[in-house]
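Novice: Requesting a structural model of the entry that follows:
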Amino acid sequence: MSKKRVSDRIYVQTLIEIFDQSTGYLLGHLANYSPGGLMLTAKEKIPLGTVIDCRMIIPDNMLNNGEICFKLKAAWCEEDIMPGTYTIGFQFQDISKENFRQIFNIHESLLTQKL
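Specialist: As a prediction, this is how the structure comes out:
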C-alpha cells in the first residue's frame, strides 16, 4: 500500500461487527475507518474489487436503530500477523449522507483513539 493516506484513521476500541446484508454472513470486525473507507479483521479473504451490501451492528444502542447499511468495495486484502486472519481495506460505495454521518458520529459515543 504505497498510496499516501488522504485522511486520518479512527481506531475503534469496541467490537463492531459487519455482515453481508444479503447472506447474513459475518464479514469481520471493524478495526478502523476514515472518510474514504474502513478496515476489517476477518477470517476469510475477499477478492479485490468485490462490492458487498453491508450491515454494521452498533452495540448498546449507540444509534437509534442499532445498525447502518451501506456498500463497500474491497480495495486490498493482506494476511494478518495472527495466522488464519486477514486485514481487508474497503472503500465506501453508494453510501447515503445520513449513514455516512452516523458512521462518523460513532467515535463520539465509543472509546476510540485517533492516530
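Novice: now the helices for the protein?
Specialist: 97-109 (DSSP state H).
Novice: got any ranges where this structure has weak pLDDT?
Specialist: 1-6, 60-65, 107-115 (pLDDT under 70).
Novice: which residues touch the residue nearest in space to the middle of it?
Specialist: Note on the chain: the residue nearest the mean C-alpha position is residue 38, at 4.1 Å, using C-alpha atoms, centre = their mean. Residue 38 makes contact with 18, 30-32, 72, 89-90, 92, according to C-beta atoms under 8 Å, 6 or more residues apart in numbering. Every residue, glycine included, has its C-beta placed from N, CA and C.
Novice: got it, and residue 48?
Specialist: Per C-beta under 8 Å, 6+ apart, neighbours of residue 48: 74-77.
Novice: who wins for most neighbours among the residues you listed?
Specialist: residue 74 (20 neighbours; other C-beta atoms under 10 Å).
Novice: any idea how far it is from residue 45?
Specialist: 9 Å (C-beta to C-beta, to the nearest Å).
Novice: Give me the common contacts of these two.
Specialist: In contact with both residue 74 and residue 45: residue 88, using C-beta under 8 Å, 6+ apart.
Novice: thinking again about what came up before, among the contacts of residue 48, give me the pair with the biggest separation.
Specialist: 75 and 77 (8.6 Å; C-beta to C-beta).
Novice: Need the overlap of contacts for the two.
Specialist: 48, 89.
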